[in-house]
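[1] Sharing a sequence plus its predicted fold:
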Amino acid sequence: MNKPADLKLETVPVWINGKPLAPAGRSGEVFNPATGQVTRRVPFCDASLVDKAVKAAAAALPAWRDTPPLRRARVLQNFLELLKKNQRALGTIVTQEHGKTLPDAMGSVQRGIEVVEFACGIPHLLKGEYAENAGTQVDTHSLRQPVGVCAGITPFNFPVMVPLWMFPMAIACGNTFVLKPSEKVPSASIRMAELFKEAGLPDGVFNVVHGDKEAVDALLLHEGISAVSFVGSTPIAKYIYETCAKTGKRVQALGGAKNHAVVLPDADLEFAADALTGAAYGSAGERCMAISAVVAVGAAGDPLVNLLERKAKAIKVGAGHTEGVDMGPLVTGPHREKVAGHIEAGVKEGAKLVVDGRASSVPKQGFFLGTTLFDHVTPEMSIYRDEIFGPVLVVLRASTLEEAIALVNRNPYANGTAIFTESGGAARRFGNEIQVGMVGINVPIPVPVAYFSFGGWKNSLFGDLHVHGVEAVKFYTRTKVITTRWPHQDTPAPGFNMPTLG
C-alpha cells in the first residue's frame with residue numbers, strides 16, 4: 001500500500017563533498033516494511049553523479065593521506081562518541097526501513113560502533129617493520145600506505161553495521177571513500193555522513209551515492225577507484241570480483257551463506273534449541289550469519305525438533321518498534337512472496353512441514369511472514385540448496401559426527417557454522433576438520449568481533465582478505481619496503497653492485 005499521493009514524499013539525498021544533494025532523474029521508493037507504505041524516495045545515481053563523488057574523493061585524498069594517523073584517529077574518536085550518542089536514533093532508522101525489531105537494530109549498530117573503536121587504534125595498526133643491518137650498513141623498513149579512493153557496496157539487512165565494517169577502516173588508513181548503500185535502506189548512511197562531518201572529517205573524504213546496477217557498475221568501472229568492498233549475494237559478489245579484477249582493482253566481495261549447526265546427542269538440547277531459534281528467526285532470517293540448516297545427529301533428532309517446534313510457534317511477530325515483539329517483517333513484498341514460494345517448494349519436494357509461516361497469525365498490513373520449520377530435509381531439496389534469506393529453518397538428519405562434517409563440507413557456501421556438544425574432543429575435531437570461515441562452539445552465530453576479521457570461505461568470499469580487524473588494514477593499505485645505506489665517509493662507494501645481505 002503506497003503513501004497517499006497528496007502527501008509529498010521526502011527525498012533521501014546523496015552526500016558529495018560534505019554536502020547533501022537531491023539530484024533529478026530516476027528514483028526509487030523506500031518502504032516501511034511494517035505498514036507496506038512508501039515513506040521516502042531515493043535518487044538513483046547515474047555515471048555522471050558517481051563520477052562527481054569519485055572526483056570529490058580524489059581531490060580530498062592528498063591532504064587526508066598526508067594527515068598524521070594520530071590526527072585521523074582523533075576525528076574517528078569524535079565520530080565514535082557521536083555514534084554512541086545517536087545509537088538509538090540510528091537503530092530507529094534501521095527499524096523504519098528494514099523492519100527488524102528495535103533491540104535487534106540497536107544491537108547491530110553496537111557491532112558497527114565496535115569497529116570504529118578498533119579503527120581508533122590506527123596509529124599502532126599502521127606501524128611497519130624494521131630490520132637493522134639487513135646487509136652491511138644496510139637497514140630495511142616497511143611502510144603501510146593508503147591505496148587511494150575506495151568504494152563500498154552494502155546490503156539492505158544491516159544499514160549501519162556493514163557500512164561501518166568498511167569506511168571507518170579505509171578512512172583511518174588514509175584513504176577516501178564512496179559508499180553505495182542498498183537503495184532499500186538509504187537513510188542511515190546519510191545520517192552517518194552528517195555525523196562524520198560533525199566529527200571534523202574534511203569534505204570529500206566520505207561520500208554517499210544511491211542507486212541500482214547503473215550506480216554499481218559506474219563504481220566498478222571507474223578508473224579513479226582503487227579498491228572495492230562488497231557484502232551481498234554470491235552471484236553479485238562473483239560479478240563484482242570478476243569485473244574489478246579486469247581493471248586491476250583490489251576487491252573483497254563477501255557472498256551468500258547456508259549456515260549449518262550440528263547438534264550432537266550429548267548437547268544440552270534446551271540450550272541448543274533456544275540458541276538456534278534466535279539464530280534462525282532473529283531479524284526474520286535476513287542475515288548472512290543466520291543458522292538456516294540444523295544437522296541433528298543420532299538420538300538428538302526427534303527431541304530437538306519438538307523443542308524447535310514449540311519455540312518457533314512461541315515467537316511473537318509484529319512491527320519492529322512494538323515492545324515485546326520478537327520478529328519483524330521481511331524487507332519488501334516481493335521478497336516475502338519469494339520466501340513463501342520456497343516454503344511451497346519444500347512441501348512439494350517431500351520435506352515434513354512442522355511449522356508453516358504462511359498460516360501464522362501475523363499483521364495483515366506490511367510484509368509479514370511467520371516462522372517456518374521443516375524436518376527430514378535432504379541435500380537434494382531446493383530449501384536446502386538455496387539461500388532463502390527468510391525465517392525458514394530446515395533440519396537434516398545424520399548418524400554420526402563424521403557424516404555431519406562431510407555434509408557441511410560438501411555445501412558450496414562456507415560462511416559460518418556451529419556445533420552444540422559437551423564433548424571437548426568432538427568440538428576440537430569439528431573446529432579442525434570443518435571447511436568454513438567462522439566457527440561457533442556452543443555459539444550459534446560467531447558474531448563479528450571488531451578486532452578479528454569477518455568472512456567465509458568458498459562461495460561465501462571472493463578475494464583474499466576479509467572485512468575489519470587486521471585484515472582490513474592490509475586490504476586498505478599497500479606495503480612499501482625501503483632499503484637504506486648511509487655509508488661512512490671512509491666506506492668505498494658500492495658502484496652498481498647490489499648490497500650484500502646477511
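    All right, it came through fine. Computed from a predicted structure; not experimentally measured.

[2] quick one, phi psi at residue 212?
    Here is the backbone geometry of residue 212 (degrees, to the nearest 10): phi -110, psi -140.

[3] what's the burial count for the closest residue to it other than its chain neighbours?
    With sequence-adjacent residues excluded and distances taken as C-beta to C-beta, 6 or more residues apart in numbering, residue 212 is closest to residue 44, at 5.6 Å. Placement of C-beta: from N, CA and C, glycine included. Residues near residue 44, counting by other C-beta atoms under 10 Å, number 19.

[4] Tell me who's in contact with residue 44.
    Listed by C-beta atoms under 8 Å, 6 or more residues apart in numbering, the contact partners of residue 44 are 25-28, 183, 210-212, 214-215.

[5] Put the alpha carbons of stretch 140-159 into PDB.
    Extracted as PDB, the C-alpha positions of stretch 140-159 are listed here (Å, rounded to 0.1, in the frame of the first residue of the first chain):
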ATOM      1  CA  THR A 140      65.400  -2.100   5.700                       C
ATOM      2  CA  HIS A 141      62.000  -1.000   6.800                       C
ATOM      3  CA  SER A 142      58.400  -1.300   5.600                       C
ATOM      4  CA  LEU A 143      55.600   1.200   5.300                       C
ATOM      5  CA  ARG A 144      51.800   0.800   5.000                       C
ATOM      6  CA  GLN A 145      50.300   3.400   2.800                       C
ATOM      7  CA  PRO A 146      46.700   4.000   1.600                       C
ATOM      8  CA  VAL A 147      45.600   2.600  -1.700                       C
ATOM      9  CA  GLY A 148      43.600   5.700  -2.800                       C
ATOM     10  CA  VAL A 149      39.900   6.100  -3.400                       C
ATOM     11  CA  CYS A 150      37.900   3.200  -2.100                       C
ATOM     12  CA  ALA A 151      34.300   2.100  -2.700                       C
ATOM     13  CA  GLY A 152      31.800   0.100  -0.600                       C
ATOM     14  CA  ILE A 153      28.600  -1.500  -1.800                       C
ATOM     15  CA  THR A 154      26.500  -2.700   1.100                       C
ATOM     16  CA  PRO A 155      23.300  -4.800   1.600                       C
ATOM     17  CA  PHE A 156      19.800  -4.000   2.900                       C
ATOM     18  CA  ASN A 157      20.000  -6.200   6.000                       C
ATOM     19  CA  PHE A 158      22.400  -4.100   8.100                       C
ATOM     20  CA  PRO A 159      22.200  -0.500   7.000                       C
END
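
[6] Now do that stretch: distance to the chain's middle.
    The gap between where stretch 140-159 is centred and where its chain is centred comes out at 14 Å by C-alpha atoms, centre = their mean, to the nearest Å.

[7] And that stretch, what's buried?
    140, 144, 146-159 (16 or more other C-beta atoms under 10 Å).

[8] what pLDDT, on average, does it get?
    The average pLDDT within stretch 140-159 is 97.

[9] got the contact list for stretch 347-359?
    305, 308-309, 312-313, 339-340, 343, 346, 369-378, 380-383, 391-392, 394.

[10] what about that stretch, start to end distance?
    Using C-alpha to C-alpha, to the nearest Å, the end-to-end distance of stretch 347-359 comes out at 14 Å.

[11] same check, this time on stretch 21-30
    One end of stretch 21-30 to the other measures 18 Å (C-alpha to C-alpha).

[12] For that stretch, the averaged confidence score.
    Rounded mean pLDDT across stretch 21-30 is 94.
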